[in-house]
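Chemist: Attaching a predicted model along with its sequence, questions to come.
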Amino acid sequence: MAKNPPYQSQHKVSQVYLKQFGYLNGTQWKVSVLKVGGKFTQQKSIKSFLVETNLFDIDSDVPGIERIFEELNSKIENEYLNILNDLDREQKLSEKSHAVLIQLICNFISRSDIWRTRILYLLHTDAKENLLKIIFAKWAKSLEELEQKDFFQFLLNSDPEIIVNRVLLLFSYYLLQRLAFYDIVILKSQEKKPWFTSDNPVLFKNEVGRFEMVKKESEIYFPLNGKYLIYLHYKDSSDKVNQLRLLETNKVAHANDDQNWDITQMLMRNAHNYVIFDGQLTYKI
């Protein structure tokens, strides 16, 4: 069955998400961005910004598989605004919004250029087999059993460019299994100092362990919009340095001056190609 449409514009960062940082220019949604190393902001059309044709398509003879990654992207995006409504209304997350938020974060990680590049690099090296074993360990009772599975052998023996979307899709599921046990802190930005985001919206610190892609010390920062930022941490981590770990979970806290400054700097450094501002901003060095 042929893909319908055969050529589809697919967003690396969700349009629904970008609109929370964007503004209407007539009937067109735009966003103010600063290219890394650039000296002035640019106004980009959200419809065409961070778009690539058929980027998430999967080569398969099985009907319905080819666009499954992009379909999942769309389903998760549709729940995003409900998370914001929860926070505005209740100042905390409902059980459903908590679950959707974790899925959204994992999805945004798997869609980013930085993680695509990292995964592709590893798939081209001798680390390929170990990477696949880490990601798919939960799919079998033992490594020996995993090695006998057809899908594992298919991935192990296939060209990285052919399988990268399959691996990224299942990598997001791998992340979900771990981040589901992390505590969530919700940090509200200061007056007239909204959170920024970027083309790499999820800031993932201390992510790689020897046999895991996520460690107990791992921390995640995710600007949900200009008002709310999500901080994830594992409560039983031995790392107690970050004061955000002391804040009450699943409740909105107000960022102080130091937190606002430090987190904003980290978010800007986390950009791959573009820093994305909240609202319309004209800036020139």
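Modeler: Cool, got the structure.
Chemist: List the contacts of Asp239.
Modeler: By C-beta atoms under 8 Å, 6 or more residues apart in numbering, the contact list for Asp239 reads Asn206, Lys216, Glu217, Arg245. For glycine as for every other residue, the C-beta is placed from the backbone atoms N, C-alpha and C.
Chemist: What's the local residue count around the last one?
Modeler: Right, the one you point to is Arg245. For Arg245, the count of nearby residues is 17 (other C-beta atoms under 10 Å).
Chemist: same thing with Tyr221?
Modeler: The burial count for Tyr221: 21, using other C-beta under 10 Å.
Chemist: what does Leu72 give?
Modeler: By other C-beta under 10 Å, 16 other residues sit near Leu72.
Chemist: which SS class is it?
Modeler: Assigned with DSSP: H, G, I helix; E, B strand; the rest coil, Leu72 falls in the helix class.
Chemist: okay but it is in contact with Asn107, surely?
Modeler: Yes. Look at Leu72 against Asn107 with C-beta atoms under 8 Å: they come within range, at 7.0 Å.
Chemist: Need the residues touching each of those two.
Modeler: Joint contacts of Leu72 and Asn107 (C-beta under 8 Å, 6+ apart) do not exist.
Chemist: So what does Gly38 have for phi and psi?
Modeler: phi -80, psi 170 (degrees, to the nearest 10).
Chemist: i'd like the first residue to be 49 from this point on
Modeler: All right, first residue 49 from here; so that's Gly86.
Chemist: ok, it to Val79 distance?
Modeler: Here the criterion is C-beta to C-beta, to the nearest Å. By it, Gly86 lies 15 Å from Val79.
Chemist: neighbour-wise, which of those two wins?
Modeler: Val79 (27 against 15).
Chemist: nearest residue to that one other than its sequence neighbours?
Modeler: In this structure, Val79 finds its nearest non-sequential neighbour in Gly70, 4.1 Å apart by C-beta to C-beta, 6 or more residues apart in numbering.
Chemist: what does Thr330 give?
Modeler: Nearest non-adjacent residue to Thr330 (C-beta to C-beta, 6+ apart): Thr89, at 6.0 Å.
Chemist: Wait, the one you found touches Phe325, no?
Modeler: Yes. In this structure Thr89 lies within contact range of Phe325 using C-beta under 8 Å: 7.1 Å.
Chemist: who touches both of the two?
Modeler: With C-beta under 8 Å, 6+ apart as the test, Thr89 and Phe325 both reach Ser80, Val81, Leu82.
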